[in-house]
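Participant: Sequence first, predicted model second:
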Amino acid sequence: MAVVFRTCKSLSKNAIFTRGISSSLRLHSQKPPTPPEPLVNVDVDDKSGVAVVTLNRPPVNSLNTPLLSELKNIIKGLEDNKSRGMILTSSSETVFSAGLDLMEMYNAPKDKLSAFWTTLQSTWLALYRSSFPTVAAINGHAPAGGCLLSLSCEYRVMVGPKFSIGLNETQLGIVAPPWFVICMRDVLGHRQTEMALTSGRMFSAPEALKLGLIDAMVTNKAEAITEAQKFIAQFAKIPPLARKLTKESVRQEGIKYMEDNMIDDLQMFMDLVTQEKIQKGIGLYLASLKKK
Ligand SMILES: CC/C=C\C/C=C\C/C=C\CC/C=C/CC(=O)SCCNC(=O)CCNC(=O)[C@H](O)C(C)(C)COP(=O)(O)OP(=O)(O)OC[C@H]1O[C@@H](n2cnc3c(N)ncnc32)[C@H](O)[C@@H]1OP(=O)(O)O
């Protein structure tokens, strides 16, 4: 595996000022600080051209603006490099992604809230309409936004049986936006989507497999990656342009919805999430998570 590009910026300072006993400022040279870990890692297999993209924001890969931005840049980089496929997974052993970072939506200034949502919209669109085959190797829990990322891929392999997946927004008192609904309907059909979304139900991996929310269940991450590679290998002989145009055609409802409604969708989000009642609910939910 070769690392093609990293999205972290290395720190350039290699010296710090410290205050001594006499309070004078002195310069001490020291080793360059270790650059921060990237929020998303990408490794491309030289032979197959398939990228493993790993969410890396401990403890639960909650999706904040910087992580979403990095993910979007990586997807764009893969597009530019005519990638043969992408496997999305997590560096955590128990959580694929806890969904949207609730801290981004709690008591946030309007400009930050708006930047967060527009970054989510554009990252989702980049993933959903990507020209290359995409597989989610779901190696942990995948609630809400974690489920959305999985549904936006073409194939889902999940480690089971103990992890769960679903769009649980209604349980939090929030509403899954129409493009979340389209993603689930693409996979489950109208009836099952209505049942799952109105109840905000989370499904265990075996339940998800039975329902068709995931395509395969395996027992560990390595197996998930192998299954994902097998899925992508099927397309080796399919002309990429025909594949890309077909995918766009099949997914045109979601693509068109986002292209035509970005501003209205942002407005709906802002109107809903800034309501006092919703803010109170998010606050209580966050407190309950921290109390666990
Ligand atoms: C018609 C209407 C039209 C349009 C509507 C328009 C707009 C709609 C408006 C809004 C829609 C917004 C959509 C939101 C989708 C989302 O993704 S919301 C996020 C939902 N996520 C969850 O419910 C998951 C919550 N987390 C968990 O269940 C567990 O953490 C999990 C099972 C993932 C892992 O469990 P465990 O390993 O035990 O970890 P902890 O629970 O102990 O968590 C560790 C720390 O992480 C913090 N944390 C967890 N999840 C989040 C999160 N999503 N955001 C921020 N922080 C999170 C947790 O508090 C712990 O923090 P601590 O270490 O204690 O400080």
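Facilitator: Thanks, I have it.

Participant: Now do the SS call for I174.
Facilitator: Secondary structure assignment for I174 (DSSP: H, G, I helix; E, B strand; the rest coil): coil.

Participant: Ramachandran coordinates for it?
Facilitator: Phi and psi for I174, reported as degrees, to the nearest 10, are phi -110, psi 170.

Participant: got the residues of the stretch 101-250 of the chain near the ligand?
Facilitator: Those residues of the stretch 101-250 of the chain that sit near the ligand, judged by C-beta under 6 Å from any ligand atom, are 101-103, 141, 143-145, 168-169, 172, 174-175, 177. In this view, the C-beta of every residue, glycine as well, is placed from N, C-alpha and C.

Participant: for those residues, which one is nearest L71?
Facilitator: Nearest to L71 out of those is G145 (C-beta to C-beta; 11.4 Å).

Participant: from the residues of the stretch 101-250 of the chain next to the ligand, which ones fall inside helices?
Facilitator: Using DSSP state H, the subset of those located in helices is 102-103, 145.

Participant: Same list, the residues you listed, but as a markdown table with neighbour count and pLDDT please.
Facilitator: Converted to a markdown table, these look like this (neighbours: other C-beta atoms under 10 Å; pLDDT from 0 to 100):
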| residue | neighbour count | pLDDT |
| --- | --- | --- |
| L102 | 18 | 97 |
| M103 | 12 | 98 |
| G145 | 23 | 98 |
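
Participant: Which helix or strand contains the residue most central in space within the chain?
Facilitator: In the chain, the C-alpha nearest the mean C-alpha coordinate belongs to L149, at 4.7 Å (C-alpha atoms, centre = their mean). Here L149, judged by DSSP states H and E, is contained in helix 145-152.

Participant: Show me what that helix is packed against.
Facilitator: Applying 3 or more C-beta pairs under 8 Å, 6 or more residues apart in numbering; DSSP states H and E, we find helix 145-152 packed against helix 110-128, strand 134-138, strand 164-166, helix 178-188.

Participant: Just send the ones you listed back as a markdown table, with mean pLDDT too.
Facilitator: Rendered in a markdown table, the data for the helices and strands packed on helix 145-152 read as follows (pLDDT from 0 to 100):
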| stretch | mean pLDDT |
| --- | --- |
| helix 110-128 | 98 |
| strand 134-138 | 99 |
| strand 164-166 | 98 |
| helix 178-188 | 98 |
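
Participant: Which of those has the highest mean neighbour count?
Facilitator: Mean neighbour counts were compared across the helices and strands packed on helix 145-152 using mean count of other C-beta atoms under 10 Å; the top stretch is strand 134-138, at a mean of 30.

Participant: got the angle for it vs helix 110-128?
Facilitator: Angle of strand 134-138 versus helix 110-128, following axes from the mean of the first three to the mean of the last three C-alpha atoms, to 10 degrees, is 110 degrees.

Participant: What is strand 134-138 packed up against?
Facilitator: Counting by 3+ C-beta pairs under 8 Å, 6+ apart, the elements that strand 134-138 packs against turn out to be strand 85-90, helix 145-152, strand 155-159, helix 221-233.

Participant: Do any residues in the first one lie close to the ligand?
Facilitator: No: using C-beta under 6 Å from any ligand atom as the criterion, no contacts between strand 85-90 and the ligand are found, and the smallest distance is 10.7 Å.

Participant: I would like the residues contacting that strand, please.
Facilitator: Contacting residues not belonging to strand 85-90 are listed as 48-56, 61, 75, 78, 96-97, 127, 130, 132-140, 149-150, 153, 221, 224-225, 228-229, 232, 235 [C-beta atoms under 8 Å, 6 or more residues apart in numbering].

Participant: Next, the angle helix 110-128 makes with that strand.
Facilitator: In terms of direction (the same axes, to 10 degrees), strand 85-90 departs from helix 110-128 by 130 degrees.
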